[in-house]
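Participant: here are the coordinates; sequence isn't available:
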């Protein structure tokens, strides 16, 4: 975790930063502490057991990894059914005895939790004083919240007069989180969607098949007809055998016209089955491809509509895998295997009817292996389903390595980490191989077993059929037809058993697709959006923030913030890292919605505007501008694709980008590589400014627009920014405070709250938070110059 060193600068001795050797020692101390974390937990629990009373049980623990001076150290918090225990954090190498303290549980104790700048804090209070304090990195924050939740349950039980909870019967058996009173539902596990069995999720694809109901009905009719055509030849073999071949063996004359009729019927049935099968396959393949394309498009459209909160918890490779390979897998299933499955079902059903119509007893013998095969399919299906879901997850790990490494190839090569990335890929690939091997072991035993059962069934039919022929209950022709039909019957049964694998594979993919489609955006569209007005001037740009609050999960980032920005005013947001500046502009852009209060633009809550309509009036210039693969002109016109070449050139001139664009080989038609490869940082930033200028926004947000460029480039960008901010409500974030001198007001943020507001000179005169920031930055600049 990264600590906000600027935040604690004033708490450090004036000899900070330490010499290089000392800094190396601190870094190695951190590295060693991470490696020793699990050993610390085990040794701490062993030491704690010596302190416990006989009837005292440990309910939950928390490893704290910082001491009170924010240095890396290891300590342990433990909650039992009687007391809260704590060992003082010790640095690595400290061989001294652990010092344990404990506080008996009573209804008057409280634990308070808060976090800031990557550091979490837990405080223990009684009604009058703070008894203790522990700090930790947010990597263990989830466990800290679980400990506090269990502590609160113990306290609630004490206040209610029920005593303390002495065992883990009230903890979730899966995640060990405390269960709420009077409830058996875990609040952590209940957040995960209870999806139906994976096979049934395929039925949800029916919504994508509705537009093609006519083609599907025609395809079903063709399937029925082609299946019926394939069942004609075995039936014609009965008279061919009984009326032609066996009489011929007994010395009777063969009627050529009769033989020709039977052979012509066989040929006609074969040609008819071929033609109907071709038409069926072609028609249903077209439909399945369109269903797959609709599924991909719908999933991507829905993905684009989700809030940034969703993307923060997902990896690029995983999402690409879902929309790409998973939809391809479903498409192949629909175009090939689902068609085969339907044909198999019809073939088995129609064959069974024919068999019973010819000879019921022989038909019953034919069906003997069916219950055993059905039972085997039921057993193997669940193993295949979980196996394919596991394979999907490990395959996404493989694509995640690719998605991380290929875009970051310059960093990989700069730090000579090719072997490390190759090892990461090799390890992910080995996990994928192991998962496939486990599944193949199950499948390898399943398919031959089904084949063995069908062969055994065929053997029983032969034996029973020969016995019936010997008793003159059936003719040889009937037995021959039975054998032919049984070959089709068992062949289709074997084919259906093999489809189990691809069905579970497609079901696992469909489940991952519907995980996206079922996710509801945290930034919903209003039921009746309020129109902003015709043209970009319909928005004036007055922004009001009324007691707003916002949380990232369990982290409170913005608290009770109030601020008003006038139309056309330029505001500079300053503050330490983690103070909430970027979060605030994300809320104004409505990338997230506030959890408390309201943000109003022109007196209207932004949640009442249509999301896309509102964002069209906002221009965004980021610290690291993102350019798409395409021409310079296409990137400038990204926010306004219908813009003319004259408008694009005018925006580039205003952004001071026209000159360097003309120096490129094809000028405005020059191709930009992926993420802007081939252009310098300053050139990419000026194209980004031109892109913002072209849409003529009423609200402009600049997030560290000049922080990653040199001084000369910064001057060029600053000229472009001066053109950009004219007549617009502007909110600028910058760590270099000197770049905000032209701001009408500076807003100083700390821990998600506004602590100071005013012009530069006024805030410097107050010598408050802004003055301390300015002086700290000046001291740092002086040290660097020396």
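Facilitator: That came in fine, so what should we check first? For clarity, every value in this text was computed on a predicted model and none was experimentally measured.

Participant: what's the neighbour count on residue 331?
Facilitator: 21 (other Cβ atoms under 10 Å). Quick note: C-beta positions are derived from backbone N, CA and C, even for glycine.

Participant: count of neighbours near the residue nearest to it when sequence neighbours are not counted?
Facilitator: Counting by Cβ to Cβ, 6 or more residues apart in numbering, residue 292 is the residue found nearest to residue 331 once chain neighbours are left out, at 3.1 Å. Under the neighbour criterion other Cβ under 10 Å, residue 292 is assigned a count of 21.

Participant: Residue 292: what's it in contact with?
Facilitator: When the contact criterion is Cβ atoms under 8 Å, 6 or more residues apart in numbering, the partners of residue 292 are 327-328, 330-331, 334-335.

Participant: what's the lowest-pLDDT member of those?
Facilitator: Lowest pLDDT of these: residue 335, 70.

Participant: Does that residue touch residue 289 like I think?
Facilitator: Yes: counting by Cβ atoms under 8 Å, residue 289 is a contact partner of residue 335 at 6.5 Å.

Participant: which of the two has more neighbours?
Facilitator: Between residue 335 and residue 289, residue 335 has the larger neighbour count (other Cβ under 10 Å), namely 18 against 13.

Participant: what's the nearest residue to that one if we skip its chain neighbours?
Facilitator: Per Cβ to Cβ, 6+ apart, closest to residue 335 is residue 288, 3.7 Å.

Participant: Could you check how far the one you found is from residue 458?
Facilitator: 34 Å (Cβ to Cβ, to the nearest Å).

Participant: for the host helix or strand of residue 749, packing partners?
Facilitator: Under the criterion of DSSP states H and E, residue 749 resides in strand 745-750. For strand 745-750, the packing partners by 3 or more Cβ pairs under 8 Å, 6 or more residues apart in numbering; DSSP states H and E come out as strand 570-575, strand 753-758, helix 760-766, helix 769-785.

Participant: Comparing the ones you listed, which comes out most buried?
Facilitator: Of these, the one with the most neighbours on average (mean count of other Cβ atoms under 10 Å) is strand 570-575, at a mean of 24.

Participant: Now the helix or strand following that strand: buried residues?
Facilitator: Note on strand 570-575: by DSSP H and E, the next helix or strand toward the C-terminus is helix 581-588. When burial is assessed from 16 or more other Cβ atoms under 10 Å, helix 581-588 yields the following buried residues: 581-588.

Participant: Can you tell me which of the helices and strands packed on strand 745-750 has the worst average pLDDT?
Facilitator: Taking the mean pLDDT of those, helix 769-785 comes last: a mean of 73.

Participant: Could you pull up phi and psi at residue 557?
Facilitator: phi -100, psi -40 (degrees, to the nearest 10).

Participant: so what's it up against?
Facilitator: 550-551, 580, 583, 752.

Participant: how much space between residue 659 and residue 683?
Facilitator: Distance from residue 659 to residue 683, by Cβ to Cβ: 11 Å.

Participant: now the stretch 551-700 of the chain, which segments are flagged as low pLDDT?
Facilitator: Scanning the stretch 551-700 of the chain with the threshold set as pLDDT under 70 gives 553-554, 673-676.

Participant: what are the ranges of the helices in it?
Facilitator: 581-588, 611-615, 632-636, 645-654, 658-662, 681-694 (DSSP state H, counting those that start in this stretch).

Participant: Check the stretch 101-250 of the chain too.
Facilitator: Under DSSP H, counting those that start in this stretch, the stretch 101-250 of the chain gives helices at 141-159, 206-209, 213-230, 232-239, 246-249.

Participant: List the buried residues in the first one.
Facilitator: Of the residues in helix 141-159, those buried under the neighbour-count criterion (16+ other Cβ under 10 Å) are 141, 143-151, 153-155, 157-158.

Participant: repeat for the second one
Facilitator: Neighbour counts using 16+ other Cβ under 10 Å place 208-209 of helix 206-209 among the buried residues.

Participant: Mind listing residues that contact it?
Facilitator: Residues outside helix 206-209 that contact it (Cβ under 8 Å, 6+ apart) are 216, 287, 291, 294-295, 298.
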